[in-house]
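Novice: Pasting the sequence and the predicted coordinates here, then a few questions.
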Amino acid sequence: MAEVVILPTKEAAGDLVADAIVRLITSTPDAVLGVATGSTPLPVYRSLAARSAGLDLSRVRAFALDEYVGLPAEHPESYRSVITREVVEPLGLDPQLVHTPNGDAATIQHAGADYEAAIEAAGGVDLQILGIGTDGHIGFNEPGSSFASLTRVKTLTEQTRRDNARFFDSVDDVPRHCITQGLGTILRARHLVLLAFGEAKAEALAAALEGPLTASVPGSAVQLHGHVTVVVDEAAASRLAHADYYRYTYDNKPDWQVL
């Protein structure tokens, strides 16, 4: 089962995950990170930036989970722009080593296969950061997504578009289509780190971790992975039936067993 770490705040969660990434990069200077967008991973990126002095990040490679289809790369809310703004520039990564799926409608028919090939050529993702949507999606894998799915075009649900409308002038400006790593793609990463903060994520988190394995809750796919760390705050953990057990196991974790 996943290791579930319940911390008082999202800032504490960000520090814990940032420390794990620092250890990874120290041991593997050309590590491949899977980076997520949205508000959830921001505490990790901010904490990592604060630790980056003296850390050689020049060879670190990264792959974003997804991108909107038809939104120009220079649009401030394209995930290329978001990753540049929130990850590449604060950490001083080499932009040429940071990749997002190609959402250009002119080349969309083979964009998924191209992205899969790029991840494979990089040797796969060492550590994949994930958030979870209020409907249980990870990446842009909406309910009903196949656990074997690879990078492909998906139609966003109205709930996801409403959730993302906070980044746009209105929900009407949120694209209806995206290109996203599939659940099968995500499950190939060597270490999954799932983050969730706030009461709004509590129900989806509980369904993903403690409910049945079902395509109706795409996040439940993490139950299939051998190395999953779930880092959440108290509010997001409020619906977990086994929260006391997770706290007990983390408090009694061997000193040598790090995140």
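Specialist: Arrived safely.
Novice: Report the buried residues of stretch 250-259.
Specialist: Buried residues in stretch 250-259, counting neighbours by 16 or more other Cβ atoms under 10 Å, are found at Leu259. Yep, even glycine has a C-beta here, placed from its N, CA and C like the rest.
Novice: And for stretch 242-249?
Specialist: So, applying 16+ other Cβ under 10 Å, buried residues of stretch 242-249: Ala243, Tyr246.
Novice: Please state the offset of it from the chain centre?
Specialist: The gap between the average C-alpha position of stretch 242-249 and the chain average comes to 24 Å, counting by Cα atoms, centre = their mean, to the nearest Å.
Novice: just the strands in this structure please.
Specialist: Taking DSSP state E as the test, the strands found in the chain are 3-7, 32-35, 61-64, 66-68, 98-99, 127-130, 152-155, 177-180, 191-196, 228-233.
Novice: what packs against the worst-scoring helix or strand of the chain on mean pLDDT?
Specialist: Ranked by mean pLDDT, DSSP states H and E, the weakest helix or strand in the chain is helix 158-164, scoring a mean of 88. Counting contacts by 3 or more Cβ pairs under 8 Å, 6 or more residues apart in numbering; DSSP states H and E, helix 158-164 packs against no other helix or strand.
Novice: got the buried residues for it?
Specialist: Thr160, Arg161, Asp163, Asn164.
Novice: Taking these together, which two end up most distant?
Specialist: Across the buried residues of helix 158-164, the longest distance by Cβ to Cβ is 7.3 Å; it joins Arg161 and Asp163.
Novice: show me what contacts the closest residue to Phe168 other than its chain neighbours?
Specialist: With Cβ to Cβ, 6 or more residues apart in numbering as the criterion, Phe168 has its nearest non-adjacent residue at 5.3 Å, and that residue is Val174. Neighbouring residues of Val174 by Cβ atoms under 8 Å, 6 or more residues apart in numbering: Leu156, Arg161, Asn164, Ala165, Phe167, Phe168.
Novice: so, if you compare these, which one comes nearest to Ala236?
Specialist: Closest to Ala236 out of the contacts of Val174 is Asn164 (18.9 Å), distances taken as Cβ to Cβ.
Novice: show me the contacts for the closest one.
Specialist: Leu156, Val174.
Novice: From Val82, how far out is it?
Specialist: Asn164 sits 11 Å away from Val82, going by Cβ to Cβ, to the nearest Å.
Novice: Could you do Thr151 as well?
Specialist: Per Cβ to Cβ, Thr151 is found 18 Å from Val82.
Novice: any idea which helix is longest in the chain?
Specialist: helix 10-27 (DSSP state H).
Novice: List the contacts of that helix.
Specialist: With contacts defined as Cβ under 8 Å, 6+ apart, helix 10-27 is touched by 5, 7, 31, 33, 42-48, 50-51, 55-57, 60, 126-127, 129, 193, 195, 197, 229, 231-233, 258-259.
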